[in-house]
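**Student:** Sequence and predicted structure below; questions after.
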Amino acid sequence: MSGITVYTKPNCQQCRATFRALDKAGLDYTAIDISVDTEARESQCGCQHGRVSDAA
């Protein structure tokens, strides 16, 4: 497991841009889909005061 974790969800343009930037930099990362991982979603919503960035 890498030190970088990206919490993602389907159709997230910001997530895709983040993946491209990390790939370009040659950095390893772990992607966690919060649409299927309830525990991760609840954990991150708590850190973000209940907000989740949404694709426009």
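**Tutor:** Great, that's in hand. Numbers count the residues shown, from 1 in each chain.

**Student:** what about Ala25, distance to Val36?
**Tutor:** From Ala25 over to Val36 the distance is 27 Å, taken as CB to CB, to the nearest Å. No exception for glycine: its C-beta is placed from N, CA and C like everyone else's.

**Student:** In the chain, where's the longest helix?
**Tutor:** Secondary structure of the chain per DSSP state H: the longest helix is helix 13-24.

**Student:** Please work out the average pLDDT along it.
**Tutor:** Averaged over helix 13-24, pLDDT sits at 94.

**Student:** packing partners for it?
**Tutor:** In terms of contacts (3 or more CB pairs under 8 Å, 6 or more residues apart in numbering; DSSP states H and E), helix 13-24 is packed against strand 5-8.

**Student:** thinking again about what came up before, what residues of the longest helix of the chain count as buried?
**Tutor:** Neighbour-count burial for helix 13-24, counted by 16 or more other CB atoms under 10 Å, picks out 15, 18, 22.

**Student:** Isn't the second one up against Val6?
**Tutor:** When you say that, I think you mean Thr18. Yes - contact criterion CB atoms under 8 Å: Thr18 and Val6 qualify, at 5.7 Å.

**Student:** List the residues that contact Thr5.
**Tutor:** Taking CB atoms under 8 Å, 6 or more residues apart in numbering, we find Thr5 in contact with 29-32.
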